[in-house]
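A.B. asks: okay, here's the prediction I keep looking at, along with the sequence it came from:
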Amino acid sequence: MVNVSLHIEVSELADQQIEEADRWWRQNREKAPDAIREELKHIGALITSQPHLGARATNVKLQGVRRIHIERIRYHLYYRVVGSPPEYIEILAFWGARRGSEPPI
């Protein structure tokens with residue numbers, strides 16, 4: 001069996017959240033300014049080859065959403081696998097783990 005990696009599509013909301021977080025991180029985390037990009041690259045590689053890796057998200061309205069906690073930067077990445085068999089991964093939200101609220105998805 002050949003393991004084919006899926007491609008990733010990022011929603012407009014998630015893209016805005018990632019850009020905002022990355023901008024803040026680069027300005028305020030001098031010792032690791034690239035941490036968000038590094039972690040997203042790592043997690044992206046994992047979920048494209050193992051799309052059901054994340055835990056099912058129970059704090060969102062959409063069905064079929066999974067969540068991965070990124071410990072190093074204390075963010076959650078919310079995504080879903082689109083298609084059956086899986087066609088691609090859709091990143092839905094990039095949400096601070098300490099916010100105390102649910103992402104708007």
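C.D. replies: Done, it's in.
A.B. asks: what comes up buried for stretch 73-82?
C.D. replies: Neighbour-count burial for stretch 73-82 flags 73, 75-81 (criterion: 16 or more other CB atoms under 10 Å). (Glycine included, C-beta is placed from N, CA and C.)
A.B. asks: the helix or strand harbouring Leu92 pairs with which strands?
C.D. replies: Element membership of Leu92, judged by DSSP states H and E, is strand 88-96. If you go by DSSP bridges, strand 88-96 pairs up with strand 7-10 (parallel), strand 75-82 (antiparallel).
A.B. asks: alpha carbons of the shortest one, as CSV, please.
C.D. replies: Put plainly, it is strand 7-10. C-alpha atoms of strand 7-10 as CSV (Å, rounded to 0.1, in the frame of the first residue of the first chain):
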residue,chain,number,x,y,z
HIS,A,7,-2.8,18.6,0.1
ILE,A,8,-3.9,21.3,2.5
GLU,A,9,-6.3,24.1,1.9
VAL,A,10,-6.5,26.9,4.4
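A.B. asks: how far off centre is it?
C.D. replies: Distance of strand 7-10 from the chain centroid (CA atoms, centre = their mean, to the nearest Å) equals 10 Å.
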